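Asks: Below: sequence and its predicted model.
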Amino acid sequence: MVIGDIPNNLLGMDVLAGRQWEDSEGFLWSFGTPPINIRLLQTAPALPYSKTTNVKQYPLPSGAKEGIKTVIQDLRDQGIIVNTHSPFNSPVWPVRKPNGKWRLTVDFRRLNANTDPLTAAVPNLADLITSIQEKAHSIMATIDVKDMFFMIPIQPEDMDRFAFTWEGQQYTFTRLPQGYKHSPTLAHHALAKELEKIPKPDNVDVYQYIDDILVGGDEIGVVGDTQQEIIAHLESLNLQIPSEKIQKPSQEVKFLGIWWKGGMTCIPPDTLTSLDQIKMPESRKDLQQALGLLVFWRKHIPDFSIIARPLYDLLRKGVKWDWTPAQEEALQLLIFEATAHQALGPIHPTDPFQVEWGFASSGLSIHIWQRGPEGPTRPVGFYSRGFKDAEKRYTLWEKGLFVVSLALIEVEKITRQQPIVLRGPFKVIKAITTGTPPPEGVAQRASVRKWYAQIEYYCNTFSVTEGAVKNLAIQETESLDNTQEKPASVIKVAPPFSPEQSTNSWFTDASARREEKVWRYRAAALHISSGERIITEGEGSAQVGELIAVWSVFQHEVQNTSLVCIYTDSYAVYKGCTEWLPFWQQNGWEVNRIPVWQKEKWQEIFDIASHGNFAIGWVASHQTDGNPAGEWNNKADELAKLSPLKKEQIIEDWDQLLEWLHVKRQHTGAKDLYKEAHARGWPVTREMCKTCISACEQCRKRLERHPLEDDPLHLREGKGLWDAWQVDYIGPFKKSGGKHFVLVGVEITSGLVQANAFQRATGDNTVKALQEWFGTFPKPQEIQSDNGSHFTAKVVQDWAKNEGIKWVFHTPYYPQANGIVERTNGLLKRLLKPQEGNWDVRLWEAVKGVNSRWGTNGCPKITAFCPTAPSIIPSPRGPENPKNPVHYPGQPVLVDLPTVGEVPLTLKTPLNNFAWVASDALGKEHRINTRWIIPSF
């Protein structure tokens with residue numbers, strides 16, 4: 001039928017075009033179809049575990065069905081989708097493009113929710129934007145790669161999870177699909193590998209975000225040449241780069257939805273035109289569309305949340321549409337502010353940040369500017385948000401602490417080494433740095449301590465000062481002149497308990513247990529002098545039981561006119577009675593328009609207390625120090641204990657019951673299984689839970705390929721012993737020996753840990769510690785860290801450059817990218833116990849404990865060696881291939897023992913491939929690693 005190379009205009013190709021014919025050999029011939037020549041990028045690594053999910057296809061509009069028929073056929077022809085039979089299934093949901101064409105998308109939401117996490121390799125968008133702002137390139141060019149996900153094959157064993165059904169047939173993807181939660185991470189990594197192969201001039205920077213690339217520099221020719229080299233390299237891989245998605249070198253480009261002009265992020269001209277053309281809304285839909293456009297650019301609008309409050313109030317459920325001058329003024333002000341601050345930045349590397357903060361009754365606002373001496377005054381960004389119901393009740397001082405802590409968190413995202421100057425309606429830094437205790441307020445003590453600790457941390461980390469007092473336009477100055485008094489509670493705070501004053505005192509407690517699907521509580525109240533008991537049982541949690549126990553005392557003492565003292569170990573009930581009751585009563589017993597929990601019981605307590613004389617105190621639970629209050633609380637606790645299950649209720653076959661619960665809990669760990677079983681009152685042990693999980697086939701498969709056991713994409717890759725370290729600061733801790741912070745370093749191949757304590761986390765201290773470490777250990781090729789200013793500091797980077805060490809910054813706010821040192825930090829803190837004081841003296845012992853930890857089978861948990869002192873390193877004369885040692889019982893060996901030195905030993909019993917039990921001349925046994933054996937002996 002077809003002979004040789006025949007031109008397209010012969011044998012009726014115009015008639016055959018678009019048709020198919022299957023020959024006698026089973027081959028399918030497609031006529032008029034151009035040849036497919038696709039060169040794929042590297043195959044994606046094994047994907048994290050996904051629980052089996054199967055969601056049926058929901059009905060589709062007829063137009064959508066017709067629109068994607070050709071799309072699916074094209075994907076089949078290209079081999080991007082293939083037929084399959086899979087237990088997985090996700091529904092198809094076609095999306096229409098602006099040009100009228102259709103895109104095949106699959107709703108992977110259920111699959112994503114049941115997929116384990118993966119180390120993030122995509123840079124933080126805010127950090128990427130800040131980096132571009134700092135460089136302030138005068139010339140920029142962009143590249144957008146088409147269908148980047150479809151250029152990355154996935155492994156055959158991972159294909160089943162992406163199955164979908166179309167016209168009664170199941171298909172799946174052979175390439176990374178759009179909509180899968182890890183596709184951006186894997187695509188970014190694959191493209192980044194290719195970009196690394198392209199040399200670029202020193203005065204040009206290349207930025208990448210998934211499939212978008214920005215080239216920045218100062219000369220049009222150099223930037224253009226670099227752009228063309230990138231395009232040529234990517235097209236050699238058969239990546240498609242449409243001409244309409246290439247922006248040639250220019251002073252202004254659009255990248256990541258932002259209009260870039262030098263180092264300034266600008267609202268695009270077409271968006272400004274849309275803002276100017278916004279008409280006054282005539283319906284909820286019109287208002288939602290207008291706010292949707294403004295919300296996206298809220299970083300350019302000062303006080304957005306406060307100004308837009310009247311507009312959002314109009315969109316509340318049940319509110320009648322009534323457009324008033326107040327709403328019109330708010331909308332016009334938002335549009336004016338967006339136009340006035342259409343350009344943010346650039347960020348100067350040395351000019352200080354001036355952070356102006358303030359608050360109104362409905363919310364808070366933060367303005368971040370940069371003012372000279374090097375550059376002109378320019379806005380960097382604006383941040384605002386509304387107050388939650390509880391935050392509205394904060395005192396002025398508490399609101400100030402809250403807003404300043406948020407302001408420092410925001411400015412940390414963009415600062416490097418620039419000083420920070422705070423300006424607000426009053427000053428807070430001095431009181432915190434001098435240790436002045438906060439005045440009595442409304443917020444929980446834990447929240448106030450957190451704000452103090454956060455602000456103190458930033459003051460120790462950055463150069464933070466306070467300028468002259470300044471009130472923002474939204475600041476309600478009248479409230480600053482008046483002391484904000486919180487309403488007095490009808491219940492007093494009880495004095496500390498003493499046996500001499502126990503005439504009319506009660507102790508309360510409660511416990512709960514789940515029986516089948518219902519939680520049941522037992523509440524107990526014990527009268528001290530008479531021994532009277534009030535026991536109440538019902539449905540609810542232990543917290544509900546604590547409230548019921550206190551409520552029962554109020555009911556019992558309703559006629560009593562003398563002082564009644566009640567002591568509880570529930571801090572929530574104590575705070576509710578002594579502080580929150582009047583606020584709840586003023587707000588109609590609602591919090592954020594949600595009824596208070598156990599509303600009726602709180603109302604009864606309030607009514608009884610309003611006509612009586614009651615006081616409530618808080619006591620710590622489960623005290624064994626002989627304190628009278630603790631002893632009485634323990635007695636109340638004994639009364640509140642639920643009785644164990646009756647023997648006839650006990651099921652003998654606990655293995656089957658645990659297996660059922662393990663599946664019901666969606667294959668969680670042994671700790672969760674034991675907790676749930678214990679909550680039901682089942683007489684099971686932790687060993688039974690571990691046995692149940694070890695026998696679970698699905699858990700075994702999951703643990704074989706668990707994402708946390710995989711090497712992150714950019715860690716340990718091609719690294720040998722001493723090649724790379726990870727470093728991080730932990731703290732601030734309670735002051736000990738003048739120190740607040742600890743710099744931790746981990747050699748990523750062996751797991752060796754080093755740590756130094758410092759007063760502040762600074763670049764100078766970082767260099768000091770690294771010089772000390774690498775005066776003992778071999779100098780690494782690479783050091784990995786986060787983007788903290790103590791690592792990005794010029795003194796640190798200059799030192800690394802002079803030493804020939806490559807410094808790699810991981811994505812900020814994704815600590816798992818720095819996973820090795822992060823896990824070490826947790827272990828070191830558990831051994832260090834900084835909350836107990838004098839931790840700087842115990843630091844060496846904590847490091848020693850980390851470095852000398854052993855597994856249960858006698859094998860060191862670190863892969864290279866296990867030193868017992870941080871100053872000891874393995875002998876360089878160790879075996880070159882320790883994975884295949886040639887040793888036997890009775891063999892005499894010379895061993896370089898840590899902290900001891902070279903000792904002749906005799907091997908006795910092997911523990912595994914790396915560990916032996918050996919004895920010395922006196923018969924004393926030692927557990928050694930074969931890497932310590934000196935082969936020349």
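Replies: Yep, it's here. Predicted model only: the values in this text are computed from it and were never measured.
Asks: From now on I want contacts and neighbour counts done on CA atoms only, so please keep to that.
Replies: Fine.
Asks: per-residue pLDDT, the residue nearest to Asn89 when sequence neighbours are not counted?
Replies: Spatial nearest neighbour of Asn89, chain neighbours left out: Asn54 (4.5 Å); criterion: Cα to Cα, 6 or more residues apart in numbering. Here the pLDDT value assigned to Asn54 is 91.
Asks: Surely Asn54 and Phe88 touch.
Replies: Yes - the pair Asn54 / Phe88 is scored as a contact, 4.9 Å apart, by Cα atoms under 8 Å.
Asks: okay, those two: which has more neighbours?
Replies: Between Asn54 and Phe88, counted using other Cα atoms under 10 Å, the more crowded position is Phe88 (21 against 17).
Asks: Helices of the stretch 301-450 of the chain, start to end?
Replies: 304-307, 309-314, 325-340, 389-392, 396-412, 429-433, 445-461 (DSSP state H, counting those that start in this stretch).
Asks: Packing partners of the first one?
Replies: Same thing as helix 304-307. helix 325-340, strand 363-370, strand 378-386 (3 or more Cα pairs under 8 Å, 6 or more residues apart in numbering; DSSP states H and E).
Asks: Touching the second one from outside, list them.
Replies: Okay, so that is strand 363-370. Residues from elsewhere that reach strand 363-370 (Cα atoms under 8 Å, 6 or more residues apart in numbering): 302-303, 305-306, 347-348, 351-359, 376-387, 403, 407, 411.
Asks: Buried among these? Need that as a selection in ChimeraX.
Replies: In ChimeraX, this line selects whichever of those come out buried by 16 or more other Cα atoms under 10 Å:
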select :302,303,305,306,347,348,351,352,353,354,355,356,357,358,359,378,379,380,381,382,383,384,386,387,403,407,411
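Asks: quick check: mean pLDDT across stretch 504-520?
Replies: 87.
Asks: sorry, back to before: quick one: closest of the helices of the stretch 301-450 of the chain to Leu195.
Replies: helix 396-412 (29.4 Å; Cα to Cα).
Asks: buried residues in that closest one?
Replies: In helix 396-412, counting by 16+ other Cα under 10 Å, buried: 396-408, 410-411.
Asks: That one packs against which elements?
Replies: strand 353-359, strand 363-370, helix 445-461.
Asks: out of those, which comes closest to Ala46?
Replies: helix 445-461 (39.4 Å).
Asks: so after the closest one, what's the next helix or strand?
Replies: strand 464-466 (DSSP states H and E).
Asks: out of the helices and strands packed on helix 396-412, nearest to Phe150?
Replies: Going by Cα to Cα, the one of those nearest Phe150 is strand 363-370, 41.2 Å.
Asks: residue ranges with poor pLDDT in the stretch 551-700 of the chain?
Replies: By pLDDT under 70, the low-scoring segments of the stretch 551-700 of the chain are 592-593, 643-653, 700.
Asks: I meant to write the stretch 1-150 of the chain there.
Replies: Residues of the stretch 1-150 of the chain that meet the cut-off, pLDDT under 70, sit at 1-41, 120-121.
Asks: residue boundaries of the strands in it?
Replies: 20-22, 28-30, 81-83, 95-96, 102-103, 139-144 (DSSP state E, counting those that start in this stretch).
Asks: quick check: domain ranges of this structure?
Replies: Here the domain parsing of the chain from automatic domain parsing is 1-35, 278-342, 345-481, 492-640, 647-708, 714-851.
Asks: closest one to Met140 among the ones you listed?
Replies: Of all the domains of the chain, it is domain 345-481 that lies closest to Met140, at 14.6 Å by Cα to Cα.
Asks: mind checking how far that closest one is from the chain centre?
Replies: 23 Å (Cα atoms, centre = their mean, to the nearest Å).
Asks: ok, back up a step: would you turn the helices and strands packed on helix 304-307 into JSON lines with mean pLDDT and distance to Leu827?
Replies: What follows is the helices and strands packed on helix 304-307, written out as JSON lines (pLDDT from 0 to 100; distance: least, Cα to Cα, whole Å):
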{"stretch": "helix 325-340", "mean pLDDT": "92", "distance to Leu827": "48"}
{"stretch": "strand 363-370", "mean pLDDT": "94", "distance to Leu827": "37"}
{"stretch": "strand 378-386", "mean pLDDT": "92", "distance to Leu827": "36"}
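Asks: so which of these gets nearest Gly292?
Replies: Closest among the helices and strands packed on helix 304-307, using Cα to Cα: helix 325-340, at 12.3 Å.
Asks: Show me what the closest one is packed against.
Replies: Counting by 3+ Cα pairs under 8 Å, 6+ apart, helix 325-340 packs on helix 269-276, helix 284-296, helix 304-307, helix 309-314.
Asks: And the pLDDT for Lys861?
Replies: 42.
Asks: before we move on, back to that, buried deepest among the helices and strands packed on helix 304-307, which one?
Replies: Comparing these by mean neighbour count (mean count of other Cα atoms under 10 Å), strand 363-370 ranks first with a mean of 24.
Asks: partners of that one, with directions?
Replies: In the sheet, strand 363-370 lines up against strand 353-359 (antiparallel), strand 378-386 (antiparallel) (DSSP bridges).
Asks: Residues contacting the first one, please?
Replies: Strand 353-359 is touched from outside by 364-371, 399-400, 403-404, 407, 411, 418-425, 470-472, 474-476, with contacts defined as Cα under 8 Å, 6+ apart.
Asks: Report pLDDT for Pro898.
Replies: 67.
Asks: one step back: dump the domains of the chain to JSON lines, plus distance to Asp74.
Replies: Output for the domains of the chain, formatted as JSON lines (distance: least, Cα to Cα, whole Å):
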{"stretch": "domain 1-35", "distance to Asp74": "10"}
{"stretch": "domain 278-342", "distance to Asp74": "36"}
{"stretch": "domain 345-481", "distance to Asp74": "44"}
{"stretch": "domain 492-640", "distance to Asp74": "51"}
{"stretch": "domain 647-708", "distance to Asp74": "34"}
{"stretch": "domain 714-851", "distance to Asp74": "35"}
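Asks: And Ile657, how far from Thr691?
Replies: Heads up, residue 657 is Leu, not Ile. For Leu657, the distance to Thr691 (Cα to Cα, to the nearest Å) stands at 13 Å.
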